[in-house]
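Peer 1: model this:
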Amino acid sequence: MKRKQKFKAIIFDWGGVLCNGADYATHPLLIKNPKINKIPKKAIKDFYIGKIDSKQFWVLLLNKVDISINLEELENSYFNSYKIYPGMFRLLKKLRKNYKLGLLSNLTEMMKDHIILKHKVDKYFDQLVFSCDIGYMKPGKKAFNSIIKKMKVPINQTIFVDDTMANIEVANKMGFKSLLFKSEKQFKNDLYKLGIKI
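Peer 2: Model (predicted):
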């Protein structure tokens, strides 16, 4: 019988794994606005890697879509654009008893601050790494290397969990044991197959 590998750490994505994905363009006046597609991809990336702040991004966005919305309304809409998965947070508490846990997410600074304040995510993880702090995003290898360096656990003893195949593929090539997240039930089953204690 093949011996199951001994894993020491699990790294999670945020949107799509611990909650449904947050979206900056969820204000009612933006959702059906065809001009929303005119937002330069570089501006969106700069927002996520911390090169421009929220006010700069919102002003740029409103200029492109040619409408007027109060900035506070935009921020509130953004903060309310997701819902956490309570079962996954309960699972994190159980997993942390036996494993080091990390969070690696492409997230804007304002959303990072929001989830830390509202959900106390720093209480669930040993290390937090956000694109807005390190200046680059998944699936870039630098993002993965950044959290591995902080976790101080070998890549081949680390499980990486994400809902995006592009991220999974890069993680696999780097030597992680990667799990594509589809549902809490499926994820627990995958952990069981790997011999993970829950």
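
Peer 1: now the strands for the chain?
Peer 2: 9-12, 100-105, 127-130, 158-162, 177-180 (DSSP state E).

Peer 1: which residues does residue 178 bridge with?
Peer 2: Counting by DSSP bridges, residue 178 is bridged to residue 160.

Peer 1: Might one say that it is in contact with residue 156?
Peer 2: No. With contacts counted by C-beta atoms under 8 Å, residue 178 stays clear of residue 156, the gap being 11.8 Å. Every residue, glycine included, has its C-beta placed from N, CA and C.

Peer 1: Show me which of the two is the more surrounded one.
Peer 2: Neighbours were counted for residue 178 and for residue 156 using other C-beta atoms under 10 Å; residue 178 has more, 20 against 11.

Peer 1: Quote the end-to-end distance of stretch 135-144.
Peer 2: 12 Å (C-alpha to C-alpha, to the nearest Å).

Peer 1: Quick check: buried residues in that stretch?
Peer 2: If you call a residue buried by 16 or more other C-beta atoms under 10 Å, then stretch 135-144 has these buried ones: 136-140, 143-144.

Peer 1: returning to what we had before: and the strands of the chain as a markdown table, adding mean pLDDT?
Peer 2: What follows is those, written out as a markdown table (pLDDT from 0 to 100):
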| stretch | mean pLDDT |
| --- | --- |
| strand 9-12 | 98 |
| strand 100-105 | 98 |
| strand 127-130 | 98 |
| strand 158-162 | 98 |
| strand 177-180 | 98 |
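
Peer 1: centre of the chain versus the helix or strand bottoming out on mean pLDDT in the chain, how much separation?
Peer 2: One helix or strand of the chain scores below all others by mean pLDDT, DSSP states H and E: helix 28-31, with a mean of 87. In terms of C-alpha atoms, centre = their mean, to the nearest Å, the centre of helix 28-31 is found 24 Å from the chain centre.

Peer 1: just the helices in this protein please.
Peer 2: Applying DSSP state H to the chain gives helices spanning 28-31, 41-48, 54-65, 71-79, 86-95, 109-119, 131-134, 141-151, 165-174, 184-193.

Peer 1: ok, residues contacting the fourth one?
Peer 2: Outside helix 71-79, the residues within contact range by C-beta atoms under 8 Å, 6 or more residues apart in numbering are 22-24, 26-28, 30, 54-55, 58, 61, 110-111, 114.
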